[in-house]
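Student: can't give you the sequence, but here's the structure:
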């Protein structure tokens, strides 16, 4: 069969048009991708950090006023947890929402299992955790945070650890729970007393220790996940608001904690200080004076620097601490209301979101020069796909 | 304009056919990709570790009898360094060679700069390092290992560290060199005396310390890259072949060294032992008896386990050490002549190559069950794209 020229041209044009529905980035790696939360607009920007550009905007993600993101093991999908209980799977290559569900009334985040097959959300209301199939977002099981008959707790500090386990703290219960999803439809949970009102938690980079900050008393609750039968112990008894109950403008994020050079770097609560503690003995070894009440205290991936942002009214500032000299070596303002920082995986640059300046700045960590500025609508969290290759994110 | 149904069908068929020229994996993430070296055939297999399958075979890579692979920051490209001085850039998504050059007469590997823009090869003959544009493979500069007028040394142990620097050891010169490629066409090099005949090296996961094993004397040469002006110091003076000069069937790979739980796990030289040293004081703290002369001693990413393979005649065996109990907890044979191991990024499975059984085995690290076996032609090295997100690979 032969086509007349006009129809042949049409065929060719349609063939091209058909291909053009394949996104422009069909053939591209995902190791340098990430998302920036535009909190007020309920959107995410898809960005890349090889040349520092924005690739696309994906709307329709609901209330992102407190959002967290975790990534699939292949780096293609971002799972965005919204404040309103929305769980949205964003396809970073097709640049669109792949699936979206409302999984709870009020959520503060979630994580992905070691094997990448389960997404687990941590919820305030109703309090508990839920496990979803990472591919379909089908609900597989849930663990209500019912710590006494009819009493439910908010869940905080959820982190994935090895063996398909998730560890998290229960604010009202004063407990740390470890849930094993080896059988994803029949999870098993072990409970450990943890102190008064744990308000956030993190795992160390090796996934061994879970640390929960306490709101109701000073000190930190530590559980050794390699020897959990020993139970949680209290460390850094002087860490907290103290007996005078200092005014605290914003409780620091424990996820910001850093381990660098065998030392843990912690945001002091209510004080203009960063605390340094030996990561073996958990004894305090130093304090570094900083410009305000620290919120995030984050180590550059090599641990040579620790970057600090602050609560209001000092939240336009960022300081950099040299971890060998244990002193501030750089102070600058990338913009107004600096909410979050994310290092590129090997640490040569860091991305900072300035909510009230509507921009994201990319700063060279060796020279402190601003390399790029990207416009963004009230940006908050920044998350790169390299998190999908690590434990505890 | 309306098309008759037959033509409309044809248009649709052609549109699909046009799109089908896009490779089958056009839309896929790269975070779970890797390559397996088929050493005798000069080929690599492209594999993925989400479902443990082989995706494609790419031939034409020359002599791969001692091959090393490093990855682009976006995870799309593998740079394969062959024994014959070949440097091949493989496109993991298009599944073909993107570029290939012969850059030296005899090479043992290379690495990628912190920002991902430079590929640096380490060469035996002619001894030295060369820097190439990661995109085009254009030669940008070279640093001959001429340690005295007219005298050239083999280069070993090359590792990338922060600040566009590369650190490496010179066997005949007995020196460690640090070359800064901030200006890639005008690198600057600093030299440090390091002891007799350094034969391999590695950097710690944070990129701070470079350690070089010594062939000509016992002990290890250590350079603190955060304070290089202090020079290299000798640690673990008892580490080596000893005064009796034990027979050594294969010098262990230092890249296999592991830091886990604040301890360094090292292959003893000529002895059926794995040594444990405190990673702060560098004092030996324990020895674990194993089945043969260890070659690779590799920590699972969380550090809870250390996996060991062996030199001939024990090279069909693999042992697993529990790092808390400091004892062997599992011994098995995945096949004959086990040459290499690579953990999936979060450690739930490990891939092992058995050269003389022509297969790669994927083993669950919690249960030790074999999850998959993939046929491969005399496989040696296995490398996953997650290396591109880390320092020192």
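Tutor: It's in. These numbers come from a predicted model, not from an experiment.

Student: Any buried residues in stretch A:229-239, and which?
Tutor: Buried residues in stretch A:229-239, counted by 16 or more other C-beta atoms under 10 Å in any protein chain shown: A:232, A:234, A:235, A:236, A:239. C-beta: built from backbone N, CA, C; applies to glycine.

Student: Sort out for me which of these are in strands.
Tutor: A:234, A:235 (DSSP state E).

Student: quick one: which of the buried residues of stretch A:229-239 is nearest chain B?
Tutor: residue A:235 (16.3 Å; C-beta to the nearest C-beta).

Student: Quick check: pLDDT value at the nearest residue to that closest one once chain neighbours are set aside.
Tutor: With sequence-adjacent residues excluded and distances taken as C-beta to C-beta, 6 or more residues apart in numbering or on different chains, residue A:235 is closest to residue A:282, at 4.0 Å. Turning to residue A:282, the model gives it a pLDDT of 89.

Student: again, but for residue A:106
Tutor: We have a pLDDT of 87 for residue A:106.

Student: where does chain A have low pLDDT?
Tutor: Scanning chain A for pLDDT under 70 picks out the ranges A:1-25, A:243-246, A:256.

Student: list the contacts for the residue sitting nearest the centre point of it?
Tutor: Centroid-nearest residue in chain A: residue A:68, 5.4 Å away (criterion: C-alpha atoms, centre = their mean). Residues in contact with residue A:68 (C-beta atoms under 8 Å, 6 or more residues apart in numbering or on different chains) are A:80, A:81, A:108, A:109, A:110, A:381, A:383.

Student: how about a cut-off of 6 Å?
Tutor: Contacts of residue A:68 were listed using C-beta atoms under 6 Å, 6 or more residues apart in numbering or on different chains, and they are A:81, A:109.

Student: now swap in residue A:105 and tell me
Tutor: By C-beta under 6 Å, 6+ apart, residue A:105 lies in contact with A:85, A:125.

Student: Could you measure from it over to residue A:178?
Tutor: 25 Å (C-beta to C-beta, to the nearest Å).

Student: now swap in residue A:333 and tell me
Tutor: From residue A:333 to residue A:178 the distance is 41 Å (C-beta to C-beta).

Student: Of the two, which one has the most company?
Tutor: Neighbours were counted for residue A:333 and for residue A:178 using other C-beta atoms under 10 Å in any protein chain shown; residue A:178 has more, 19 against 15.

Student: element containing the more buried one?
Tutor: Using DSSP states H and E, residue A:178 sits in strand A:175-180.

Student: need the next SSE after that strand, C-terminal direction.
Tutor: Of the helices and strands lying after strand A:175-180 in sequence (DSSP H and E), the nearest is strand A:188-193.

Student: which other residues reach that next one?
Tutor: For strand A:188-193, contacts defined as C-beta under 6 Å, 6+ apart pick out A:143, A:175, A:176, A:177, A:178, A:179, A:180, A:223, A:231, A:232.

Student: Can you check the distance spanned by stretch A:176-192, start to finish?
Tutor: End-to-end distance for stretch A:176-192: 5 Å, by C-alpha to C-alpha, to the nearest Å.

Student: buried residues in it?
Tutor: With burial defined by 16+ other C-beta under 10 Å, the residues of stretch A:176-192 counted as buried are A:176, A:177, A:178, A:179, A:181, A:184, A:187, A:192.

Student: hang on, isn't the first one packed against residue A:223?
Tutor: Yes. Applying C-beta atoms under 6 Å, one finds residue A:176 in contact with residue A:223, separated by 5.3 Å.

Student: where do the contact lists of these two overlap?
Tutor: Common contact partners of residue A:176 and residue A:223 (C-beta under 6 Å, 6+ apart): A:192, A:232.

Student: contacts for the strand or helix carrying residue A:160?
Tutor: If you go by DSSP H and E, residue A:160 is part of strand A:155-161. Defining contact as C-beta under 6 Å, 6+ apart, one finds that strand A:155-161 is touched by A:111, A:113, A:122, A:127, A:129, A:145, A:166-169, A:171, A:199-201, A:203, A:207, A:212, A:225, A:392.

Student: Quick one: name the residues of chain A near chain B.
Tutor: A:11, A:14-15, A:18-19, A:26-27, A:29-32, A:50, A:73-76, A:93, A:114-115, A:162-163, A:206-207, A:226, A:302-303, A:324, A:345-346, A:348, A:366, A:386, A:388-389, A:391 (C-beta under 6 Å from any C-beta of the partner chain).

Student: Can you say which of those residues are buried?
Tutor: A:11, A:14-15, A:18-19, A:26-27, A:29-32, A:50, A:73-76, A:93, A:114-115, A:162-163, A:206-207, A:226, A:302-303, A:345-346, A:348, A:366, A:386, A:388-389, A:391.

Student: circling back: give the bridge partners for the residue nearest to the centre of chain A, please.
Tutor: When bridges are called by DSSP bridges, residue A:68 pairs up with residue A:81.

Student: Distance of residue A:353 relative to residue A:361?
Tutor: Residue A:353 is 8 Å from residue A:361, by C-beta to C-beta.

Student: Among these two, which residue is more densely surrounded?
Tutor: More crowded of residue A:353 and residue A:361, by other C-beta under 10 Å: residue A:353, with 29 against 23.

Student: could you list every residue that touches that one?
Tutor: By C-beta under 6 Å, 6+ apart, the contact list for residue A:353 reads A:339, A:340, A:360, A:379, A:380, A:382.
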